[in-house]
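J.: Please work out how this folds:
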Amino acid sequence: MRFDPPRPRSDEERILPLINIVFLLLIFFMVAGKLAATDPLDIDPPQSALESEAGPRELLVLLDAEGRLALDGEIMVESELKSALQQRLAEDGTRIRLKADGRVEATRVVALMELLQDAGAEKVKLLTVAEGG
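T.: Residues are numbered from 1 along each chain as shown. Okay, the predicted model is just below:
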């Protein structure tokens with residue numbers, strides 16, 4: 001029985017497994033790459049020297065520079081926000097985090113905080129970004 005001597009592999013044959021591994025890693029990181037949920041509105045919060053942590057279960061209200069509102073990722077108008085807040089506060093408790101864009105006028109933020117309190121919120125936290133961050 002006679003065997004032919006092994007023929008030398010070409011450069012293309014040697015690099016194919018590497019290409020396969022690179023594409024598998026690329027697909028893995030694309031699938032597993034979602035690290036955090038994004039906000040439905042583009043918001044740049046004001047800076048603060050203090051740091052705060054989120055409490056147990058808190059509702060998140062977003063206010064962007066154009067005045068659009070969102071509650072827990074759902075975009076809505078001000079009238080819808082108050083009724084939705086009243087319903088959710090009855091179920092989830094009374095803590096609310098307000099994330100307003102730093103370009104929004106302070107009077108608009110204060111008016112929104114008053115609306116949140118009228119809806120039944122006892123504690124409203126204004127989210128900011130640490131200075132230099």
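
J.: now the protein, which segments are flagged as low pLDDT?
T.: Within the chain, the ranges that satisfy pLDDT under 70 run 34-39, 41, 45-46, 48-56, 92-94, 132-133.

J.: where exactly do the helices run in it?
T.: With helices called from DSSP state H, the chain shows them at 11-32, 78-92, 106-118.

J.: Quick one: closest of the ones you listed to residue 65.
T.: Residue 65 lies closest, by CB to CB, to one member of the helices of the chain: helix 106-118, at 10.1 Å. For glycine as for every other residue, the C-beta is placed from the backbone atoms N, C-alpha and C.

J.: okay, the angle between the closest one and helix 78-92?
T.: Angle of helix 106-118 versus helix 78-92, following axes from the mean of the first three to the mean of the last three CA atoms, to 10 degrees, is 40 degrees.

J.: Contacts for helix 106-118, please.
T.: Contact with helix 106-118 is made by 61, 63, 67, 69, 78, 81-82, 85, 96, 98, 100, 124, 126, as judged by CB atoms under 8 Å, 6 or more residues apart in numbering.

J.: Distance check, residue 130 against residue 11.
T.: From residue 130 over to residue 11 the distance is 52 Å, taken as CB to CB, to the nearest Å.

J.: and the two? which has more neighbours close in?
T.: Between residue 130 and residue 11, residue 130 has the larger neighbour count (other CB atoms under 10 Å), namely 11 against 6.

J.: give me the beta-bridge partners of that one?
T.: When assigned by DSSP bridges, residue 130 has beta-bridge partners residue 48.

J.: and residue 127, how far is that from residue 44?
T.: For residue 127, the distance to residue 44 - CB to CB - is 11 Å.

J.: need the contact list for residue 124.
T.: Shown in contact with residue 124 (CB under 8 Å, 6+ apart): 96-98, 113, 116-117.

J.: ok, 10 Å please
T.: Taking CB atoms under 10 Å, 6 or more residues apart in numbering as the criterion, residue 124 is in contact with 58-59, 61, 94-98, 112-114, 116-117.

J.: Fine by me, thanks again.
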